[in-house]
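Novice: What follows is a predicted structure for the sequence shown.
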Amino acid sequence: MLITKGYKYRIYPNNVQAEYINNIFGSCRFAYNHFLEIRSNEWKDHKKSVSYTDTSRMLTLLKSEQEYDWLKECDSMALQESLKDLDRAYRNFFAKRGKYPRFKSKHSHKQSYRTRNQNNCVRIEGRYILLPKIGKVKIRLSRYFEGRILNATVSISNTGKYYVSLCVEEELTPKCNAGGIVSIDMGISDFYTDSDGHRQENPKVLKKYEKKLVREQRKLSRKVKGSKNYEKQRLKVAKVHEKIYDVRTDFLHKESTILVSENQVIGIESLNVKGMIRNHHLAKSISDVSWSRFFSMLKYKSLEYGCEIVSVPAFYASSQICSCCGYKDIEVKDLSVRSWVCPVCGISHDRDVNAAVNILNKTMMLISTV
């Protein structure tokens, strides 16, 4: 079974290569903005739609003009990919999956471009990666893969670090799991509680670095925007944000890998995270735990480890139902109630463990009905 998988590595271009990469960022941004304006004006003035094929043909003609001769120095595939991105943005807008496409800013610190691997022009050679128009760039190959590179995305972080993300088509090599069956109840004080009673502590990464972040942002607010001191301080703030992101991502990867490697069946809740964030008392804490990213990691890793992820309906009252007799006590709906005694069978319940057991019971019911 062939799958596509992403591999992200840090690269270390020299000064000449870094300048060329930055020029490609600018050229792709120009192509995107230029044809966004053309497509918008064509619709406003003549009620005429402009397709990707039309913009691709216009780009070829644009390169032949002396005023835009500098576009020839850019990777041609990267320019074409930026036009595809624009067309995809329009299709998402018309399908009501996104807002109307917006112009890209050169002042944004998130810059990237994508290029295709044609005729093996993107490949790994020892400690280097070969990229079109740029040549061999030093790469930190943290993990290896066996497969065909489809495309490569070169990006720069807010802290000025360069990365390349490779989309690789490879054969799925299933890994064995320990065959367990578990369900998890997500929380804030504890990251999750499983049906076996194990609690995974919430690292609370944002809270750990919040004071430092506030201090650096306060310093940034005192700088004159556009000055050298402003840019130095902006970099310090970006490094704190990057640290928070890296620590959180590392934690999520480790926990998701442990779960899929130890279990054959994992029951989870179908949480409406966007709706829950509207609660201003819990919004920051919910954003910090990154439940959506965690569930996403579980689902794509489950393919590799051959385990099954079962989602329990969002409105299933797992915290209010007694896992022993099935009695539903609506009085324990309040989140402040951390433990309760069932008035029917008299069993004492820990709120989170009881919810995890109920999710497991519901998971087994859903599996049996399939």
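Specialist: Structure's in. What do you need?
Novice: what helix or strand does the most centrally placed residue in the chain sit in?
Specialist: Nearest to the mean C-alpha position of the chain, by CA atoms, centre = their mean, lies Arg293 at 6.7 Å. Using DSSP states H and E, Arg293 maps to helix 291-305.
Novice: Dump that helix to CSV, restricted to CA.
Specialist: C-alpha atoms of helix 291-305 as CSV (Å, rounded to 0.1, in the frame of the first residue of the first chain):
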residue,chain,number,x,y,z
TRP,A,291,-6.4,18.4,21.7
SER,A,292,-7.0,18.8,17.9
ARG,A,293,-3.4,18.3,17.0
PHE,A,294,-3.2,15.3,19.4
PHE,A,295,-6.2,13.6,17.8
SER,A,296,-4.8,14.3,14.4
MET,A,297,-1.5,12.6,15.3
LEU,A,298,-3.3,9.6,16.7
LYS,A,299,-5.2,9.1,13.5
TYR,A,300,-2.3,9.2,11.1
LYS,A,301,0.0,7.2,13.3
SER,A,302,-2.7,4.5,13.8
LEU,A,303,-2.4,3.6,10.1
GLU,A,304,1.3,2.8,10.6
TYR,A,305,0.7,0.8,13.8
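Novice: Quick check: buried residues in the helix or strand just after it?
Specialist: Per DSSP H and E, the first helix or strand lying C-terminal to helix 291-305 is strand 308-312. Under the neighbour-count criterion of 16 or more other CB atoms under 10 Å, strand 308-312 has 309-312 buried. All C-beta spots, glycine's among them, are computed from the backbone N, C-alpha and C.
Novice: can you give me the helices for the protein?
Specialist: 15-46, 52-63, 76-94, 205-221, 228-262, 273-276, 283-289, 291-305, 351-369 (DSSP state H).
Novice: So which of the ones you listed is nearest Ala178?
Specialist: Closest approach to Ala178 among these is made by helix 228-262 (4.6 Å; CB to CB).
Novice: How far off centre is the closest one?
Specialist: The chain centre lies 12 Å from the centre of helix 228-262; the measure is CA atoms, centre = their mean, to the nearest Å.
Novice: dump the residue contacts of the nearest residue to Ile184 once chain neighbours are set aside.
Specialist: Leaving aside its sequence neighbours, Ile184 sits nearest to Tyr192 (CB to CB, 6 or more residues apart in numbering; 4.3 Å). Applying CB atoms under 8 Å, 6 or more residues apart in numbering, we find Tyr192 in contact with 184-186, 199-200, 255.
Novice: Fine by me, we can end here.
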